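Colleague: The sequence and its predicted three-dimensional model are supplied below.
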Amino acid sequence: MNHLDEEHMRAHVVNRQTGLRVAVLLILSLLPATALAQEAVVPQAAELHERGIQLFQQGNYRDAIQAFEQAEQLAHSRTNIMNLARCHQELGEHEQALRYLDRYLQEPNLPQDARTRAEQMRQQLQQSGGGSLTGPWALLGSGLGLLVVGGVLDIVAYVRSDPGIYNQLESVSEYDDWHDGTTNLAIAGDVLVGVGAAVAVAGLVWLLVARSRRGSERASVPSLAVVVGRDGLALHTQMRF
């Protein structure tokens, strides 16, 4: 091989290396819009999810919901969906909890044990009204309202029975009106007090039973736990579910 051939070969190698460098730089220039952007999103989603776990454990379910929703917007995770269902369950918002459970059960490649537990949780929510305490609280409030009204009527009847008012009466008809009105007020007040007390007691018993049932249902549903792992974009906290 003469000197001219050697120079030609060196030029060819340099041109190939230059072409490879240009191709690599071109590929890297596209990464920030795709893979590099995803890498930045994943840790932020994991941080939001961990914050949601902490808020949930503190009983701050509203802020936990916000954290899980933000994490879900950055990087989808079925764990986000289940955690949102759990937060709404704790708040007694069974309709929202059921909607998230339905989304969770539609997730592809869901492990069978997780699917079974999610279906059990869904069944419990449906059977108990989702743990909602609206009914017992409404009944208790109605009973207390009747007690207040009955008490007011009894007070009015007591005031009307003052001997000073009786001494001011000038005729039999006035006495009859006064007597009948006072008696009717007292009877109505006593009836409302009795009914109100019964309704309030029923509402209180219902409330205690519902809270006890909610407690047993919570115990049967695994709590949230932080276990961070990396699987591409699925870097998120996992749930013992």
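Modeller: Here it is on my side, so go on.

Colleague: which outside residues touch the helix or strand residue 72 falls within?
Modeller: When elements are defined using DSSP states H and E, residue 72 is found to belong to helix 61-74. Residues from elsewhere that reach helix 61-74 (CB atoms under 8 Å, 6 or more residues apart in numbering): 41-42, 44-46, 48-49, 51-53, 55-56, 77, 80-81, 83-84, 87-88, 90-91, 236. Every C-beta, even on glycine, is put in place using the N, C-alpha and C of the backbone.

Colleague: Drop anything exposed from those residues.
Modeller: Neighbour counting over the contacts of helix 61-74 (16 or more other CB atoms under 10 Å) leaves 42, 45-46, 48-49, 51-53, 55-56, 77, 80-81, 83-84, 87-88, 90-91, 236 as the buried ones.

Colleague: hang on, the earlier thing: next secondary structure element downstream of the helix holding residue 72?
Modeller: helix 78-90.

Colleague: Please, where are all the helices along the protein?
Modeller: Here the chain has its helices, by DSSP state H, at 3-30, 35-57, 61-74, 78-90, 94-105, 112-127, 134-160, 163-167, 172-220.

Colleague: Comparing the ones you listed, which comes out most buried?
Modeller: Among these, the stretch with the highest mean neighbour count (mean count of other CB atoms under 10 Å) is helix 78-90, at a mean of 25.

Colleague: Packing partners of that one?
Modeller: Helices and strands touching helix 78-90, by 3 or more CB pairs under 8 Å, 6 or more residues apart in numbering; DSSP states H and E, are helix 35-57, helix 61-74, helix 94-105, helix 112-127, strand 236-239.

Colleague: Mind putting the helices of the chain into CSV with mean pLDDT?
Modeller: Formatted as CSV, the entries for the helices of the chain read as follows, by pLDDT from 0 to 100:
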stretch, mean pLDDT
helix 3-30, 49
helix 35-57, 78
helix 61-74, 93
helix 78-90, 91
helix 94-105, 91
helix 112-127, 88
helix 134-160, 86
helix 163-167, 69
helix 172-220, 79
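
Colleague: quick check: domain ranges of this structure?
Modeller: For the chain, whose domains are defined here by automatic domain parsing, the residue ranges read 32-131+220-239, 134-215.

Colleague: Apart from its neighbours in sequence, what residue is nearest residue 134?
Modeller: Computed as CB to CB, 6 or more residues apart in numbering, the closest residue to residue 134 that is not its neighbour in sequence is residue 92, at 7.3 Å.

Colleague: ditto for residue 96
Modeller: Residue 96 sits nearest to residue 88 (CB to CB, 6+ apart), 4.1 Å away.

Colleague: ok so, going back, how many neighbours does the residue nearest to residue 134 have?
Modeller: The number of residues packed near residue 92 is 18, by other CB atoms under 10 Å.
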